[in-house]
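S.K.: Have a look at this prediction, sequence included:
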Amino acid sequence: MTTHEWKESEDDGSVVFYRANHHAGRWSLYRRPKDQPGWIPLDPPAALELRLLLDVLQRKYQRRKVPHAHVLQVEKWLEDTESGNGENSAG
């Protein structure tokens with residue numbers, strides 16, 4: 001399993017942590033506000049969260065930390081979500 005974690009600042013100044021797991025060809029996304037203890041599954045994730053994941057993966061791909069197939073998989077997932085054909089997780 002591959003895990004990617006990052007944090008984002010919301011418009012109100014609060015911090016939200018994100019986690020994406022890639023296991024057996026499938027993705028799962030989670031979020032956790034800084035002031036809460038547990039991870040909340042994003043099922044299905046919104047296009048905004050998929051864009052955040054795609055940005056993280058593209059930067060990691062440029063540094064040769066993730067395979068290009070992961071970037072392509074999330075790009076397709078985002079495209080399907082934006083067109084209304086989204087699945088629960090890319091795979």
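M.R.: Okay, I see it.

S.K.: secondary structure class for the residue of the chain positioned farthest from its centre?
M.R.: No residue in the chain sits farther from the centre than residue 12, which is 21.4 Å out by CA atoms, centre = their mean. Residue 12 falls in the coil class when you classify it by DSSP: H, G, I helix; E, B strand; the rest coil.

S.K.: what's the pLDDT at it?
M.R.: pLDDT for residue 12: 94.

S.K.: can you give me phi and psi for it?
M.R.: phi -80, psi 0 (degrees, to the nearest 10).

S.K.: Where do the helices of this structure begin and end?
M.R.: Shown for the chain, the helices assigned by DSSP state H span residues 47-62, 68-82.

S.K.: centroid residue for this structure?
M.R.: residue 53 (3.5 Å).

S.K.: Tell me how far it lies from residue 35.
M.R.: 23 Å (CB to CB, to the nearest Å). C-beta: built from backbone N, CA, C; applies to glycine.

S.K.: Sketch out the low-pLDDT regions of the chain for me.
M.R.: 86-91 (pLDDT under 70).

S.K.: Quick check: the gap between residue 59 and residue 25.
M.R.: Taking CB to CB, one finds residue 59 at 22 Å from residue 25.

S.K.: what's near enough to touch residue 17?
M.R.: Counting by CB atoms under 8 Å, 6 or more residues apart in numbering, residue 17 makes contact with 5-7, 31-34.

S.K.: List buried residues within the residues you listed.
M.R.: Buried members of the contacts of residue 17, counted by 16 or more other CB atoms under 10 Å: 31-32.

S.K.: returning to what we had before: list the residues that contact the residue nearest to the centre of the chain.
M.R.: 4, 18, 20, 27, 29, 45, 74.

S.K.: Could you rerun that using 6 Å?
M.R.: 20, 74 (CB atoms under 6 Å, 6 or more residues apart in numbering).
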